[in-house]
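Turn this into a model:
(one chain, ligands or ions: 1)
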Amino acid sequence: MDVILKGKYIISCKIKAVTGLHIGEGNNSLEIGGIDNSVVKDAEGKPYIPGSSLKGKMRSLMEFAEGKVKENLLVETKKEKDGGIYIHMCGDKSCIVCGLFGRNHGKHTLKNGSESDFTDSVVPTRLIVRDAKLIEDSITEEMKENLDLEWTEVKFENNIDRITSQAHPRQSERVPAGAEFEAEFVVNRLEVDGKDDGDTFVKKFVQAMRLLEDDYLGGQGTRGNGKVQFVDIKILYKDREAYLNAAQPKVVAQAKDLKNLQF
Ligand SMILES: [Zn+2]
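Numbers count the residues shown, from 1 in each chain. Sure, this is the predicted structure:
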């Protein structure tokens, strides 16, 4: 396969938490006196949105939207005691999901039990998602007065035992509504075996942004958390020349939100 890099689309924007946002740290050990269910934080102790969380969620939404969640199109990515984790991945060279979000080399076990090898279809992953850093000013002094911790709030959730009616409160940390994060995405424009991507993949990516706004990011999304909005969006394009002679990138589209983005 012949692959040429034609250029890069760079999408920069802010991600605004419209409701509280909980992106958990996973099943890490519980600190003494700590919160049961804390949010992921950077080395400075500030919450951020890991690129992997954004990419994983957008991929999953795109898999459903493109009709790729089918037994013969799902592969096991992680073996777990009580059943593996399946995501869509396939060898179809024209697959828009795998083309944008990537596919892995080697043999895979499909959900239907068969084996498949996608090595022949692997091209460099077009989409790169950066970690999104908290914009500190977005959490105002006024908001801080109502926070339980420096940057976050702690919410109690009750699980009610259906027999005894006893409540089992559980703490959950979340980033408050109104917080904003600085985000950047890169979509590589490739030419594969003489076929130029053009703006196909960057347009698909914008579709994934739209899907995410009507879904949720992080945990407890069906219970009020995780509504996000993309604001102050700018899409730039840098072709190969721009890298050779430091030319200014071209502004492809710009808008205050997705509703107003003409792209
Ligand atoms: Zn695919």
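
Secondary structure element holding Thr109?
Using DSSP states H and E, Thr109 sits within strand 107-109.

Give the buried residues for that strand.
For strand 107-109, the neighbour count (16 or more other CB atoms under 10 Å) marks 108-109 as buried. Any C-beta I mention is one placed from the backbone N, CA and C, and that applies to glycine too.

Now the very next helix or strand once past that strand: average pLDDT?
As assigned by DSSP H and E, the chain's next helix or strand after strand 107-109 is strand 115-117. Across strand 115-117, the average pLDDT comes to 85.

Show me what strand 115-117 is packed against.
Helices and strands touching strand 115-117, by 3 or more CB pairs under 8 Å, 6 or more residues apart in numbering; DSSP states H and E, are strand 107-109.

and for the strand it packs on, what are the contacting residues?
Contact with strand 107-109 is made by 75-76, 89, 115-118, as judged by CB atoms under 8 Å, 6 or more residues apart in numbering.

partner strands of that strand, parallel or antiparallel?
When pairs are called by DSSP bridges, strand 107-109 turns out to pair with strand 115-117 (antiparallel).

Can you spell out which helices and strands pack onto whichever helix or strand comes after the strand it pairs with?
Once the chain leaves strand 115-117, the next helix or strand it forms, by DSSP H and E, is strand 127-129. Here strand 127-129 touches helix 51-65, strand 180-192, going by 3+ CB pairs under 8 Å, 6+ apart.

circling back to that earlier point, now flag whichever of the contacts of strand 107-109 is closest to Gln171.
Nearest to Gln171 among the contacts of strand 107-109, counting by CB to CB, is Glu76 at 33.4 Å.

contacting residues around that closest one?
Contact analysis of Glu76 by CB under 8 Å, 6+ apart lists 84-86, 108-111.

same thing with Val122?
By CB under 8 Å, 6+ apart, the residues touching Val122 are 103-105.

And the strands in this protein?
Per DSSP state E, the chain carries strands over the ranges 3-17, 48-49, 74-78, 85-88, 107-109, 115-117, 127-129, 132-135, 153-160, 167-174, 180-192, 195-196, 228-239, 250-257.

could you dump the ones you listed to CSV with distance to Cys95?
Below are these laid out as CSV (distance: least, CB to CB, whole Å):
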stretch, distance to Cys95
strand 3-17, 16
strand 48-49, 26
strand 74-78, 13
strand 85-88, 8
strand 107-109, 14
strand 115-117, 13
strand 127-129, 14
strand 132-135, 27
strand 153-160, 39
strand 167-174, 35
strand 180-192, 12
strand 195-196, 14
strand 228-239, 23
strand 250-257, 24
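
okay, these, which one's buried deepest?
Scoring the strands of the chain by mean neighbour count under mean count of other CB atoms under 10 Å gives strand 48-49 as the most buried, with a mean of 24.

Can you pick out the most distant pair from the contacts of Glu76?
Checking these with CB to CB, the most distant pair is Ile85 and Leu110, at 13.5 Å.

okay if I get the contacts of Glu76 as JSON lines plus pLDDT and distance to the ion?
Formatted as JSON lines, the contacts of Glu76 follow (pLDDT from 0 to 100; distance: CB to the ion, whole Å):
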{"residue": "Gly84", "pLDDT": "75", "distance to the ion": "18"}
{"residue": "Ile85", "pLDDT": "83", "distance to the ion": "17"}
{"residue": "Tyr86", "pLDDT": "87", "distance to the ion": "13"}
{"residue": "His108", "pLDDT": "83", "distance to the ion": "11"}
{"residue": "Thr109", "pLDDT": "83", "distance to the ion": "16"}
{"residue": "Leu110", "pLDDT": "84", "distance to the ion": "12"}
{"residue": "Lys111", "pLDDT": "83", "distance to the ion": "14"}
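
if we can go back for a sec, from the contacts of Val122, which is closest to Lys70?
Using CB to CB, those come closest to Lys70 at Arg103, 16.1 Å.

Can you report how many residues lie near the closest one?
21 (other CB atoms under 10 Å).

Show the model's pLDDT score for the residue in the stretch 101-250 of the chain that the ion sits nearest to.
Here the stretch 101-250 of the chain gets closest to the ion at one residue, Arg103, 6.7 Å apart by CB to the ion. Predicted confidence (pLDDT) at Arg103: the value is 88.
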